[in-house]
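K.L.:
I would like to see how this sequence folds:
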Amino acid sequence: MKKIIIATIILFVTAIVVTVVYFKNLDRSGPRTRETMLSIPQNAALILEINNDKGFYDIFNDSQLFTSIVGRQTLDELDTLRKQLLLNPHLKPFFSEQNIFISLHPLQNNTVELLLTASVNSKFKPTALEDLAKDKNTGLLISPILIAGKKCYTIYSNIIKKRFYLLYGEDGIFSGSFSNELITQRAQYEPNKHKQAFVLLPDQQNSNSLANLYINYSQLQPLFDQLFKNKNTDIFKSFKSLPALAALTLNFKSNALMFNGFSQIETNQPTGYLNLFLNQQPVTNQLKDIFPSTTAYSINFAVADPQQFKSDLSDYQVKTGLQHEKDSLFNKVKTETGINFINEFNQVLGNEFAVVTTRYEEKFAIILLKNGSKLKNIMYNIASMSNENIGQLNYSKLPYFLLGDPFSFLNHPWFMIVDNYLILANSATELNSYYDSYINRKFQSKLQQYKDFDNLRTERSNISWYMNVKAMQSLFKRDLSENFYNAYETNTPGWKNFYAVSFQLTASNKKFYTNVCMKLDEADSTAVK
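P.N.:
Just a heads-up that it's a prediction; the model follows:
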């Protein structure tokens, strides 16, 4: 009996040891996604994870899409470095089947730089880089240095004539950048192993994906601060205050990039305006059909239950300290006009409302109503009319308190009601411009190229942001930092080769199903690669 017990104990211990060793080696030789992403400084807003295999690079190099995003020069530099480093016989075996993470970081010198991060497999030899440095036929000059007390290498390529900085971590994770400032930041960074700055994809979904995009919404503001000299730009403004992390997978077409997945809300962070749409069911987006053909960018909101939205908005405004100002305003309206305007407005509010900016810098709100005639009669009592169709509200901030943050640009707005649409703008001129588009049916939805792009988007959503890249040129010239506008203007191919970009959120089980779409302009999608 004793022999049986002892044998059982030995087998049990052996099984445990074998299991531990197996999974330890499995972890070291696999992609090690979580460990690798933890090593990336948390000021990254975006991380692109790509498969380090020939199939992906063939698509990457031959695609006008990737070239337009990254830029021909940067793409060529990265590809040359890949061939000189990752495909070199001294290093190739150690990066096999290891994904590469490309992260975007704002720096103090008003630039944005790329950081490349990858782990090595269990076969890695610590002397590999020294062996590579001794090889005189690589076209590389490799020198060991210390940065922030960490072991690094400067790698000078005779082909691209640039210096690349490579940080070697004892945990088997390498980080590299053309920026000394960024690699120094990485060397000084101490990962918080208890806090993940990015949500991860399930292992099976990750293994089947060609590329993945990770977004930390809280880091979008620092990134935009570098990109834009106009710190008050409202481009993508609502998303920058969304406390969420996204993990999206690539869906590749020859003329369009699409990423799909989920944005997961961080419940321990302050609530943003977009959180109000988590309690809503998806809605078929129709308001976009009457946006003018001159639209540069827009954000469209859709709610299945307008009254639930209004209730959630009221709670949100209480939490953000706006209740007293809101009550004072609507009490004043009621005292002076006898109208309980907030109740009257809530009764006729439809299920879509949007803010649209045109290429001519016109900006207006479009709000779907259940009964336009009823609201028009009420509006006559709280506005000064210039004619029977157009008037200016006598009270400030009404749209802001009625519909929330994106409508704060309207102070003493002008209004008109056309059919069942309430149109608001800061000038009568802007209203007349929209009226001309509406009456003459000069809508973006009539343009074939827009139709082709819209077919790539989800039909139902709760938040839908859209940007027509070519229509943005004058706005980019006004708002972008000089370096980035020059890159936009001169890079060929570049961002100006795109027709449009969209970002959609659809509420689903307290998360947002997320759809990102970027499509080349038709003339560029057939260009010689």
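
K.L.:
C-alpha from now on. contacts and neighbour counts both.
P.N.:
OK.

K.L.:
for Lys162, give its distance to Lys150.
P.N.:
Using CA to CA, to the nearest Å, Lys162 is found at 22 Å from Lys150.

K.L.:
who has more neighbours, the two?
P.N.:
Of the pair Lys162 and Lys150, Lys150 is the one with more neighbours under other CA atoms under 10 Å, namely 16 against 12.

K.L.:
which residues touch that one?
P.N.:
Contacts for Lys150 (CA atoms under 8 Å, 6 or more residues apart in numbering) come out as Leu167, Tyr168, Gly169, Ala187.

K.L.:
in TSV: these, plus neighbour count, secondary structure and pLDDT.
P.N.:
Compiled in TSV, those are given as follows (neighbours: other CA atoms under 10 Å; DSSP: H, G, I helix; E, B strand; the rest coil; pLDDT from 0 to 100):
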residue	neighbour count	secondary structure	pLDDT
Leu167	24	strand	94
Tyr168	19	strand	87
Gly169	15	coil	79
Ala187	22	helix	94
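
K.L.:
now do the buried residues in stretch 106-113.
P.N.:
Neighbour-count burial for stretch 106-113 flags Pro106, Leu107, Val112 (criterion: 16 or more other CA atoms under 10 Å).

K.L.:
run the chain-centre distance for that stretch.
P.N.:
18 Å (CA atoms, centre = their mean, to the nearest Å).

K.L.:
same question for stretch 306-315.
P.N.:
In terms of CA atoms, centre = their mean, the centre of stretch 306-315 is found 26 Å from the chain centre.

K.L.:
check stretch 425-440 too.
P.N.:
When distances are taken as CA atoms, centre = their mean, stretch 425-440 is centred 31 Å away from the chain's centroid.

K.L.:
what's in contact with it?
P.N.:
290, 292-293, 362-365, 390-391, 410-416, 423-424, 442-443.

K.L.:
drop anything exposed from those residues.
P.N.:
Looks like the contacts of stretch 425-440 have 290, 292-293, 362-365, 390-391, 410-416, 423-424, 442-443 buried, using 16+ other CA under 10 Å.

K.L.:
filter those down to the ones in strands?
P.N.:
Within these, residues falling in strands by DSSP state E are Lys363, Phe364, Ala365, Gly391, Trp414, Phe415, Met416, Ile423, Leu424.

K.L.:
so the fifth one makes contact with Leu398?
P.N.:
Meaning Trp414. No. At 11.4 Å, Trp414 does not count as touching Leu398 under the criterion of CA atoms under 8 Å.

K.L.:
circling back: which one of the ones in strands among the buried ones among the contacts of stretch 425-440 sits closest to Ile50?
P.N.:
Closest approach between those and Ile50, by CA to CA: Lys363, at 38.8 Å.

K.L.:
and the closest one, what does it touch?
P.N.:
Applying CA under 8 Å, 6+ apart, one finds that Lys363 lies in contact with Val355, Val356, Thr357, Ala425, Asn426, Glu430.

K.L.:
again, 6 Å this time
P.N.:
Taking CA atoms under 6 Å, 6 or more residues apart in numbering as the contact definition, Lys363 lies against Val356, Thr357.

K.L.:
let the chain start at 194 from now.
P.N.:
All set: I'll call the first residue 194, so the last point we hit is now Lys556.

K.L.:
for beta bridges, what are the partners of it?
P.N.:
Thr550 (DSSP bridges).

K.L.:
cool, the one 4 residues further on as well?
P.N.:
For Ile560, the residues forming beta bridges with it (DSSP bridges) are Phe546, Leu615.

K.L.:
correct me, but it touches Leu615?
P.N.:
Yes. Taking contacts as CA atoms under 6 Å, Ile560 lies within contact range of Leu615: 5.0 Å.

K.L.:
between these two, who's got more neighbours?
P.N.:
Per other CA under 10 Å, whichever of Ile560 and Leu615 has more neighbours is Ile560, with 22 against 19.

K.L.:
and the pLDDT at the more buried one?
P.N.:
On the pLDDT scale, Ile560 is placed at 98.

K.L.:
cool, Gln266 as well?
P.N.:
pLDDT at Gln266 comes out at 78.

K.L.:
with Gln666 instead?
P.N.:
93.

K.L.:
before we move on, what about Leu219?
P.N.:
Leu219 carries a pLDDT value of 33.

K.L.:
what's the answer for Ile295, then?
P.N.:
Ile295 is given a pLDDT of 93.

K.L.:
that one and Asn244 touch, don't they?
P.N.:
No. Look at Ile295 against Asn244 with CA under 6 Å: they stay out of range, at 11.3 Å.

K.L.:
let me see the ranges of the helices in the stretch 344-493 of the chain.
P.N.:
373-381, 396-400, 413-420, 430-433 (DSSP state H, counting those that start in this stretch).

K.L.:
pick out the shakiest of those, pLDDT-wise.
P.N.:
helix 396-400 (a mean of 63).

K.L.:
for stretch 291-299, which outside residues touch it?
P.N.:
Against stretch 291-299 from outside (CA under 6 Å, 6+ apart): 224, 237, 239-245, 305-311, 416.

K.L.:
now with 8 Å?
P.N.:
223-224, 230, 233, 236-245, 305-314, 375, 415-416, 419.

K.L.:
buried members of those into PyMOL, please.
P.N.:
The following PyMOL line selects those of the contacts of stretch 291-299 that are buried, judged by 16+ other CA under 10 Å:
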select buried, resi 223+224+230+233+236+237+238+239+240+241+242+243+244+245+305+307+308+309+310+311+312+313+314+375+415+416+419
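
K.L.:
narrow the contacts of stretch 291-299 to those in strands?
P.N.:
Those of the contacts of stretch 291-299 mapping onto strands are 239-243, 305-312, per DSSP E.

K.L.:
out of these, which comes closest to Gly332?
P.N.:
Each of the ones in strands among the contacts of stretch 291-299 was scored against Gly332 by CA to CA, and Leu309 proved nearest at 20.6 Å.

K.L.:
I'd guessed the closest one sits against Ser370; true?
P.N.:
Yes. The criterion here is CA under 8 Å, and Leu309 meets it with Ser370 at 6.3 Å.
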